[in-house]
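> fold the following and give me the result.
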Amino acid sequence: MDIIKGAIFDMDGLMVDTEKLYLRYWKEAAADFGYEMKNEHVYAIRSLARKYSIPKLKSFFGQDFPTEEVRKRRTELINAHIEKYGIDLKKGLFELLDFLKAHGIKLAVATATPRERALYCLEKIGARHYFDAVICGDMITNGKPDPDIYLTAAHALGLAPEQCAAFEDSPNGIRAAHSAGCHAIMIPDMTQPDEETASLLSAVYDDLAQAVNYFEGRV
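I've put the predicted structure just below:
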């Protein structure tokens, strides 16, 4: 059984319950510009790097779709929501983080979210001090589903990707983690893994606390 020395975490939808906000406010922001965005459109761009999400959005709504203006409005709406209501945590987050820290596992974040926003979020939920590295979408050239962000995170921990567990909630994130060579572990959020995604998984759990089981005999 492989020994695991590192764990790399996605953020939105995995550590913090923010994917529901992206779902709501992508649709509201698009509506402000006269477009009807549906759930499946938002699901399709989850965790995608901007260079992939922009053409995908334009394939849905046409070349005139104002991607950056809609994205900016979405961010404004999410920020206002968080300022008013705070950020909800995903079940079992600190149970898993405390377990990993207690066993000497190095920890990193690998998120498509820009660094300033990611650090703000991690500080706000009291989780920043757990992580040895925070790798964000604006720090790399090729974002998810390419493996670069996981390769960069593993390197920042001084580990090979094969020594790292990678926690994700989205298919695009799982593709990135698996392509990098990490143990790809899914904690489904908005959708369950389809057949393609399931074939890439090392494990799947209902919540983060359950994922402690994956490390039995591996730490």
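> all helices for the protein, in order.
Assigned by DSSP state H, the helices in the chain fall at 19-32, 39-44, 50-61, 67-85, 93-102, 115-124, 148-156, 171-180, 195-198.
> correct me, but Leu157 touches Ala110?
No: in this structure Leu157 lies outside contact range of Ala110 using CB atoms under 8 Å: 10.6 Å. All C-beta atoms are positioned from the backbone trio N, CA, C, and that covers glycine.
> mutual contacts of those two, please.
Ile8 (CB atoms under 8 Å, 6 or more residues apart in numbering).
> on that earlier part again, dump the helices of the chain into a markdown table; add mean pLDDT as well.
As requested, the helices of the chain are arranged in a markdown table below (pLDDT from 0 to 100):
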| stretch | mean pLDDT |
| --- | --- |
| helix 19-32 | 96 |
| helix 39-44 | 94 |
| helix 50-61 | 94 |
| helix 67-85 | 94 |
| helix 93-102 | 98 |
| helix 115-124 | 94 |
| helix 148-156 | 98 |
| helix 171-180 | 96 |
| helix 195-198 | 96 |
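> test my guess that Gly6 contacts Phe167.
No: the pair formed by Gly6 and Phe167 falls short of the contact definition of CB under 8 Å, at 11.4 Å.
> okay, domains of this protein per the record?
Domain assignment for the chain by automatic domain parsing gives 6-17+88-215, 19-85.
> in terms of neighbours, single out the busier of Leu157 and Ala110.
Ala110 (36 against 23; other CB atoms under 10 Å).
> is the more buried one in a bridge, and if so with what?
Ile135 (DSSP bridges).
> the nearest residue to Tyr25 once chain neighbours are set aside - how many residues pack around it?
Spatial nearest neighbour of Tyr25, excluding adjacent residues (CB to CB, 6 or more residues apart in numbering): Leu77 at 4.1 Å. For Leu77, the neighbour count with other CB under 10 Å is 17.
> my read is that Leu77 contacts Ala30, right?
No: judged on CB under 8 Å, Leu77 makes no contact with Ala30 at a distance of 11.1 Å.
> mutual contacts of those two, please.
By CB under 8 Å, 6+ apart, no residue touches both Leu77 and Ala30.
> just name the most buried of the helices of the chain.
helix 171-180 (a mean of 25; mean count of other CB atoms under 10 Å).
> check contacts around Glu196.
Pro171.
> what residues are up against Asp148?
Counted by CB under 8 Å, 6+ apart, Asp148 has contacts Ile140, Thr141, Asn142, Ala176, Ala180.
> Thr18 now?
Contacts of Thr18 by CB under 8 Å, 6+ apart are Met11, Asp12, Ile78, Ile87, Asp88, Cys121.
> do Gln210 as well
Applying CB under 8 Å, 6+ apart, the residues contacting Gln210 are Gly92.
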